[in-house]
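Visitor: Below: sequence and its predicted model.
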Amino acid sequence: MIFQCTIAHPVLISGIGLHCGERINMALRPAESGTGIVFHRKLTDRTVSIEAHSSRVVDTRLATVLGKSGVTVSTVEHLLAALCALGIDNLHIDIDGPEVPVLDGSAAPFVDLLQNAGVRRLKRARRFLAVRRPMSIVDGDKRVSIIPSRFFRISFEIAFNHPCISHQERTIKLSPETFSKEIAPARTFGFLKEVEFLKANGLARGGSLENAIVIGEDSILNPEGLRFHDEFVRHKILDSIGDFSLLGYPILGHIKASRAGHDLNHRMVEQILASPECWKLVEFTVDDSEHPQTSIPAFFPEPALT
């Protein structure tokens, strides 16, 4: 994870957009060091390139939406989470519709796609955003904070007044293996009444039991049930990984969130970027035989390490 990476081979993927209900095609192409993740939205008369960065976020109400020059790409968080977890820093994404395909509502199909494409190491070192001082945002009963850590960890807590969810919490230390097995398969979810309201207002046109967990009055409506007993909080962690990847750097820090969503995640990212005194960009060194030196720089405040 010391060097920047891209995919080894181009790959194609096609699927339905959750809200537009249209079939959307994407092509993922390798990119050089320093490119970052860039969406290329293909229109009839032009192509608009939109960087996957917090400065391009234009909406967070139902999903994370990136935009530029009046052109948008929605529901980017699942794909971005997979890219972040697998250590892919640079990628061109050609897309011919307004949102990333929802597929099965999780990030697992993206993980499979990226693993099939392979990962190619580039020559430039990766720069990490290492948190040095705690930061937090509180909005009513919602909260997000980040504290120093030698690793990228996420702790998330949710609480719903519903027997199928109730109170759930989980902490993970992010790695490709942990993400692939424990987080990526967790699907997006919604309550039946909310889904019906969205459809009545021209949204969630592509939503179905095949790409989301739908929660009824007192039961899960999906015939196959849940993939994890706490699938809901796992999916919240998935969304957070995608949202925080919009910092533009991999994180060395511990995110702690309670009842947060895309909006609060974005506000936390913006606060981090606006507070350079609370973090430092670091690179790790490699010896002559190209074996990484894994020691952590000494600037981390020891009492806050996690």
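Guide: Sure, I can see it.
Visitor: Can you spell out which helices and strands pack onto the longest helix that the chain contains?
Guide: Looking across the chain with DSSP state H, the single longest helix is helix 231-244. Packing partners of helix 231-244 (3 or more Cβ pairs under 8 Å, 6 or more residues apart in numbering; DSSP states H and E): helix 77-85, strand 152-159, strand 167-173, strand 189-191, strand 251-258, helix 262-273. The way it works is simple: take the backbone N, C-alpha and C, and place the C-beta from them, glycine included.
Visitor: buried stuff in the first one?
Guide: Within helix 77-85, the residues that qualify as buried are Glu77, His78, Leu79, Leu80, Ala81, Ala82, Leu83, Cys84, Ala85, counting by 16 or more other Cβ atoms under 10 Å.
Visitor: Check these against Val282 and report the nearest one.
Guide: Among those, Cys84 lies closest to Val282 (Cβ to Cβ), at 17.5 Å.
Visitor: Excluding covalently adjacent residues, which one is nearest to the closest one?
Guide: Counting by Cβ to Cβ, 6 or more residues apart in numbering, Ser245 is the residue found nearest to Cys84 once chain neighbours are left out, at 4.0 Å.
Visitor: before we move on, back to that, which one of the buried residues of helix 77-85 sits closest to Tyr249?
Guide: Distances from Tyr249 to those, taken by Cβ to Cβ, are shortest for Cys84, at 10.3 Å.
Visitor: I figured the closest one hits Asp243, correct?
Guide: No: look at Cys84 against Asp243 with Cβ atoms under 8 Å: they stay out of range, at 9.9 Å.
Visitor: count of residues packed around the closest residue to Ala8 other than its chain neighbours?
Guide: Distance criterion Cβ to Cβ, 6+ apart; nearest residue to Ala8, sequence neighbours excluded, is Gly118 at 3.3 Å. Per other Cβ atoms under 10 Å, the neighbour tally for Gly118 reads 12.
Visitor: Contact partners for Gly118?
Guide: Ile7, Ala8, His9 (Cβ atoms under 8 Å, 6 or more residues apart in numbering).
Visitor: Below-threshold pLDDT in the stretch 151-300 of the chain: ranges please.
Guide: Residues of the stretch 151-300 of the chain meeting the criterion pLDDT under 70: 286-300.
Visitor: The most centrally placed residue in the chain and Leu86: what is the separation?
Guide: For the chain, the residue nearest the mean C-alpha position is Gly242 (1.1 Å; Cα atoms, centre = their mean). Using Cβ to Cβ, to the nearest Å, one gets 12 Å for the distance from Gly242 to Leu86.
Visitor: Pretty sure Thr47 sits against Arg41.
Guide: Yes: using Cβ under 8 Å, Thr47 is in contact with Arg41, at 6.7 Å.
Visitor: which one of those two has more residues nearby?
Guide: Comparing Thr47 with Arg41 by other Cβ under 10 Å, the one with more neighbours is Arg41, at 22 against 12.
Visitor: what sits opposite that one in the beta ladder?
Guide: Under the criterion DSSP bridges, Arg41 forms beta bridges with Val48, Ile95.
Visitor: list the contacts for it?
Guide: Arg41 sits next to Thr47, Val48, Ser49, Ile50, Val71, Thr72, Val73, Ile95, Asp96, Pro98 when contact means Cβ under 8 Å, 6+ apart.
Visitor: Which pLDDT value belongs to it?
Guide: As predicted, Arg41 sits at a pLDDT of 98.
Visitor: State the phi and psi torsions of Ala8.
Guide: With angles defined as degrees, to the nearest 10, Ala8 sits at phi -80, psi -30.
Visitor: Buried residues in stretch 39-55, which are they?
Guide: Residues of stretch 39-55 classed as buried by neighbour count (16+ other Cβ under 10 Å): Phe39, His40, Arg41, Val48, Ile50, Glu51, Ala52, His53, Ser54.
Visitor: State the pair within the residues you listed that is farthest apart.
Guide: Distances among the buried residues of stretch 39-55 were taken as Cβ to Cβ; the most separated pair is His40 and Ser54, at 19.2 Å.
Visitor: Please tell me how far Leu281 sits from Ile165.
Guide: 38 Å.
Visitor: If you count surrounding residues, which of the two has more?
Guide: Neighbour count, other Cβ under 10 Å: between Leu281 and Ile165, Ile165 has more, with 19 against 10.
Visitor: in what helix or strand does the more buried one lie?
Guide: Using DSSP states H and E, Ile165 sits within no helix or strand.
Visitor: give me every residue that touches it.
Guide: Counting by Cβ under 8 Å, 6+ apart, Ile165 touches Ile158, Ile215, Phe232.
Visitor: what's around the last one, how many residues?
Guide: If you count neighbours by other Cβ under 10 Å, Phe232 ends up with 24.
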